[in-house]
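A.B. asks: next come a sequence and a model predicted from it.
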Amino acid sequence: MRELIANLSLNILVVDDEVNIRKTLTVYLETEGHKVIAVSNSQDAVTEVLRRSFEVAFVDLRLGTTSGLDLIPKLQAITPWLKIIVITAYASIDTAVEAMRRGATDYIPKPFTPSQVKLAVQKVAEVCLLEQKIATLKEDLGRLNPEIDFSTDSPAMQHALSLARQVTTSDVTILLRGESGTGKTVLARMIHVWSKRALKPFGNVSCPSIPVELLESELFGHVKGAFTGAVHDSPGRIAACEGGTLLLDEIGDLPLSIQPKLLRFLQDHEYERIGDCVTRKADVRVIAATNIDLEKAVRDGRFREDLFYRLNVIQIEIPPLRERQDDVAPLAERLLQFFGGTNHRHFLGFTKEALQALRNYTWPGNIRELRNVVERAAIICHSDRIGIEHLPETLLPREAILHIGDLVNLEKIEEQHIRRVLATTKSLQEAADILGIDQATLWRRRKQYGI
């Protein structure tokens, strides 16, 4: 934790009418690796918070003829997550307490020492880091997805991962291309984790899943009264991801009306909220993902050519699972262990027949489909190994699927029927009751068929 805090760079606003205090704080905080903007009055402080996103503000309680107490709620109304550290003279400790009641996080007395400033910033950094971890945990719990470690024997996938690691040292825009379900979102998150932005927020906006009339607000934010239903200010995802990474999933579905605004943000890092004339700046790395042919979308007039070139600085192609047959079995095994743990079960793995069926399948839904197949098998299987009878019929070779009336002997039909009944029942007694035989007979049939 201490190492993470030491490496955490914060955007800090200093508000003090004394030149020496502003200079002293700025020099010290920048020496510690933080980004600092210093202003002398409340009006300039509000202007800066409207234009940029800050995590911390040092606010003097006496700003010439105005009071820092009145500035606190104004700043937090614009940026609710802002942590405010008040600066106060020894004689105004009571006022500092009042500032804490109004929403300040901490205070330091004048004259202060570098160690006091460092301690105050460390406290805020701890809170910011914990808030980010909580947000990530909530998102992970909501997805309930297994951790993917990207182990692969596929040269194409190895190239994609190598390129992804190379670009983490820069802030260049990345375009992830690949079929639906190949893991574009997971790779985008890993690029964020591998980068210097790892301690800052990661956001994900799915362009086709948000109505057109709300997508612009979701990205850039809006002010109260900007449109029907805008009952309060919303900062938008770009502001919420300050210092971090924003994934624009299925960018090919971004409406043409929003594309110029995104292009401007990618070029200048500037934007305006809906209903607001204030131009804001944000330091956000953008990763775009798509499963469609963007070049064709440009030719068809559905996607701006200049935006395509701006997004396509670094292109990473993720191969489909059918081109990574050697990866299917290891992925399935890891997924099985995850879902076994989720369901408080311990599995020994897959039978040879089941693994062969998994390898031979073409996986049109890619890793997402494999995940669903393994999760289903982990739920319906009541033994310690997943067999071919626990897989959907769509995965099985035609010769493995028997139906009443097929030209095969009764023994084959009986074996498959017993396997499927055992796969979907919780006990031998329940299976025997369904089959209309006693448990001893069922036990002998299992031994005969190697079930």
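C.D. replies: That came through fine. The structure presented is a predicted model; accordingly, all values stated were derived computationally and were not measured. Residues are numbered from 1 along each chain as shown.
A.B. asks: how about the helices in the stretch 301-450 of the chain?
C.D. replies: According to DSSP state H, counting those that start in this stretch, the stretch 301-450 of the chain carries its helices in the segments 305-311, 325-342, 352-360, 366-380, 410-424, 428-435, 439-449.
A.B. asks: a markdown table for those, including distance to Y28, mean pLDDT and mean neighbour count?
C.D. replies: All C-beta atoms are positioned from the backbone trio N, CA, C, and that covers glycine. Formatted as a markdown table, the helices of the stretch 301-450 of the chain follow (distance: least, C-beta to C-beta, whole Å; pLDDT from 0 to 100; neighbours: other C-beta atoms under 10 Å):
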| stretch | distance to Y28 | mean pLDDT | mean neighbour count |
| --- | --- | --- | --- |
| helix 305-311 | 38 | 95 | 18 |
| helix 325-342 | 47 | 89 | 18 |
| helix 352-360 | 59 | 89 | 16 |
| helix 366-380 | 48 | 90 | 19 |
| helix 410-424 | 67 | 67 | 16 |
| helix 428-435 | 72 | 76 | 16 |
| helix 439-449 | 75 | 74 | 13 |
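A.B. asks: I'd like these laid out as CSV, including distance to I87.
C.D. replies: Formatted as CSV, the helices of the stretch 301-450 of the chain follow (distance: least, C-beta to C-beta, whole Å):
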stretch, distance to I87
helix 305-311, 42
helix 325-342, 50
helix 352-360, 63
helix 366-380, 52
helix 410-424, 69
helix 428-435, 72
helix 439-449, 78
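A.B. asks: what's around E317, how many residues?
C.D. replies: 14 (other C-beta atoms under 10 Å).
A.B. asks: so who does it touch?
C.D. replies: 156, 160, 177-178 (C-beta atoms under 8 Å, 6 or more residues apart in numbering).
A.B. asks: and if we set it to 10 Å?
C.D. replies: Taking C-beta atoms under 10 Å, 6 or more residues apart in numbering as the criterion, E317 is in contact with 156-157, 159-160, 163, 175-178, 182.
A.B. asks: now do L214
C.D. replies: Listed by C-beta under 10 Å, 6+ apart, the contact set of L214 reads 222, 227, 229.
A.B. asks: next up, phi/psi of the residue lying closest to the first one once chain neighbours are set aside, please.
C.D. replies: Looking back up the chat, that one is H222. Of all residues not flanking H222 in the chain, I274 sits nearest, at 3.9 Å (C-beta to C-beta, 6 or more residues apart in numbering). Dihedral pair for I274: phi -60, psi 130, per degrees, to the nearest 10.
A.B. asks: right, and V223 touches A77 too?
C.D. replies: No: counting by C-beta atoms under 10 Å, V223 does not reach A77; the two are 11.3 Å apart.
A.B. asks: per-residue pLDDT of the closest residue to V231 other than its chain neighbours, please?
C.D. replies: The shortest distance from V231 to any non-neighbouring residue, by C-beta to C-beta, 6+ apart, is to K224 (6.6 Å). At K224, the model reports a pLDDT of 84.
A.B. asks: surely K224 touches H232?
C.D. replies: Yes: in this structure K224 lies within contact range of H232 using C-beta under 10 Å: 5.4 Å.
A.B. asks: roughly how far does the residue nearest to H222 sit from I258?
C.D. replies: 11 Å (C-beta to C-beta, to the nearest Å).
A.B. asks: which residues does the closest residue to K23 other than its chain neighbours bridge with?
C.D. replies: Counting by C-beta to C-beta, 6+ apart, K23 lies nearest to A38, which is 7.7 Å off, once chain neighbours are set aside. Counting by DSSP bridges, A38 is bridged to V14.
A.B. asks: low-confidence stretches in the stretch 51-200 of the chain?
C.D. replies: 90-93, 135-149 (pLDDT under 70).
A.B. asks: before we move on, back to that, which of the helices of the stretch 301-450 of the chain sits closest to V15?
C.D. replies: When the helices of the stretch 301-450 of the chain are ranked by proximity to V15, the top entry is helix 305-311, at 35.9 Å, counting by C-beta to C-beta.
A.B. asks: now what about that closest one, what contacts it?
C.D. replies: So helix 305-311 is contacted by 173-175, 248, 251-252, 254, 256, 258-260, 262-267, 286-288, 290, 294-295, 297-299, 303-304 (C-beta under 10 Å, 6+ apart).
A.B. asks: re the thing from before, can you pull the contacts of the residue nearest to K23?
C.D. replies: 12-16, 19, 21-26, 29, 44-45, 48, 58.
A.B. asks: which of those are buried?
C.D. replies: Buried positions within the contacts of A38, assessed by neighbour count (16 or more other C-beta atoms under 10 Å), are 12-16, 21-22, 24-26, 29, 45, 48, 58.
A.B. asks: tell me which of these is nearest to A357?
C.D. replies: Using C-beta to C-beta as the measure, the one of these that approaches A357 most closely is I12, at 57.7 Å.
A.B. asks: in a markdown table, list the buried ones among the contacts of A38 along with distance to L428.
C.D. replies: Listed next are the buried ones among the contacts of A38 as a markdown table, based on distance: C-beta to C-beta, whole Å:
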| residue | distance to L428 |
| --- | --- |
| I12 | 67 |
| L13 | 69 |
| V14 | 73 |
| V15 | 74 |
| D16 | 78 |
| I21 | 79 |
| R22 | 79 |
| T24 | 78 |
| L25 | 74 |
| T26 | 75 |
| L29 | 70 |
| A45 | 74 |
| E48 | 72 |
| F58 | 71 |
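A.B. asks: now go through these and say which are in strands.
C.D. replies: 12-15, 58 (DSSP state E).
A.B. asks: ok, back up a step: of the contacts of helix 305-311, buried ones?
C.D. replies: 173-175, 248, 251-252, 254, 258-259, 262-263, 265-266, 286-288, 290, 294, 297-298, 303-304.
A.B. asks: which of these fall within strands?
C.D. replies: Using DSSP E, those in strands are 174-175, 248, 286-288, 290.
A.B. asks: which one's the longest helix in the chain?
C.D. replies: What stands out as the longest helix in the chain, according to DSSP state H, is helix 114-143.
A.B. asks: let me know the closest of the buried ones among the contacts of A38 to P320.
C.D. replies: I12 (45.9 Å).
A.B. asks: is the closest one in contact with I37, as I believe?
C.D. replies: Yes: here I12 reaches I37: they are 7.6 Å apart, a contact under C-beta under 10 Å.
A.B. asks: coming back round to it: got the ones in strands among the buried ones among the contacts of helix 305-311 as TSV, with distance to K133 columns?
C.D. replies: Shown next, in TSV, are these (distance: C-beta to C-beta, whole Å):
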residue	distance to K133
I174	25
L175	29
L248	24
V286	23
I287	21
A288	26
T290	30
